[in-house]
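**Q** Quick one: sequence plus predicted model below, questions after.
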Amino acid sequence: GYGDLVQGDVTIKRVYYVEGLNHNLFSVGQFYDVDLEVAFRKSKCFIRDLKGNDLLTGSRGTDLYSITLQDTNCPNPICLMAKATSSQAWLWHRRLSHSNFNTINLLSNNDIVVGLPKVKFVKDHLCSSCELGKAKR
């Protein structure tokens with residue numbers, strides 16, 4: 001799946017998530033599209049604004065640069081996650097016994113549930129089963 005990555009005032013469109021990879025994927029061009037610069041060094045990469053301020057840093061693996069959530073200047077680590085598709089969000093809502101979306105995001109952020117993608121889950125409509133379960137006479 002894919003979604004938009006939001007970091008402060010910057011939005012990078014179509015950040016891809018590959019289930020099982022546990023990484024969000026985006027190209028250098030996506031950073032340039034929102035007026036950010038990317039600099040690669042032998043073992044690190046830097047994503048900077050046009051004033052030269054480092055926004056993100058990454059380290060090089062074998063042939064892949066990874067940006068870890070702890071390296072961000074954002075106090076909320078979910079800012080680097082792609083938004084889950086609506087169908088994906090509701091699938092996990094049902095799989096996790098109709099848990100609320102704050103709980104699902106907490107489980108996702110902390111890698112508590114095996115197979116739960118690291119994306120931001122958003123409630124875009126009401127769940128009829130949850131409504132019925134909370135109804136009073």
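**A** That came through fine. Numbers count the residues shown, from 1 in each chain.
**Q** In three-state terms, label residue 46 for me.
**A** Three-state call for residue 46 (DSSP: H, G, I helix; E, B strand; the rest coil): strand.
**Q** got a list of what residue 28 touches?
**A** When contacts are counted by Cβ atoms under 8 Å, 6 or more residues apart in numbering, residue 28 touches residue 38. Backbone N, C-alpha and C define where each C-beta goes, glycine included.
**Q** switch the cut-off to 10 Å
**A** Shown in contact with residue 28 (Cβ atoms under 10 Å, 6 or more residues apart in numbering): 36-38, 40, 45, 47, 65.
**Q** Buried residues, stretch 38-47. List them.
**A** 38, 45-47 (16 or more other Cβ atoms under 10 Å).
**Q** from these, which single one is nearest residue 3?
**A** Using Cβ to Cβ, residue 47 comes nearest to residue 3 of these, at 18.4 Å.
**Q** That closest one contacts residue 58, doesn't it?
**A** Yes: if you go by Cβ atoms under 10 Å, residue 47 and residue 58 touch, sitting 7.8 Å apart.
**Q** Quickly list what's touching both of these two.
**A** Joint contacts of residue 47 and residue 58 (Cβ under 10 Å, 6+ apart) are 38, 67.
**Q** immediately after the helix or strand bottoming out on mean pLDDT in the chain, which helix or strand?
**A** Across the helices and strands of the chain, mean confidence by mean pLDDT, DSSP states H and E is lowest for strand 24-25: a mean of 62. For strand 24-25, the following helix or strand on the C-terminal side (DSSP states H and E) is helix 28-33.
**Q** got a list of what the residue nearest to residue 123 when sequence neighbours are not counted touches?
**A** Closest residue to residue 123 apart from its sequence neighbours, by Cβ to Cβ, 6 or more residues apart in numbering: residue 101 at 4.6 Å. Applying Cβ under 10 Å, 6+ apart to residue 101 gives the contacts 84, 89-90, 92-93, 120-124.
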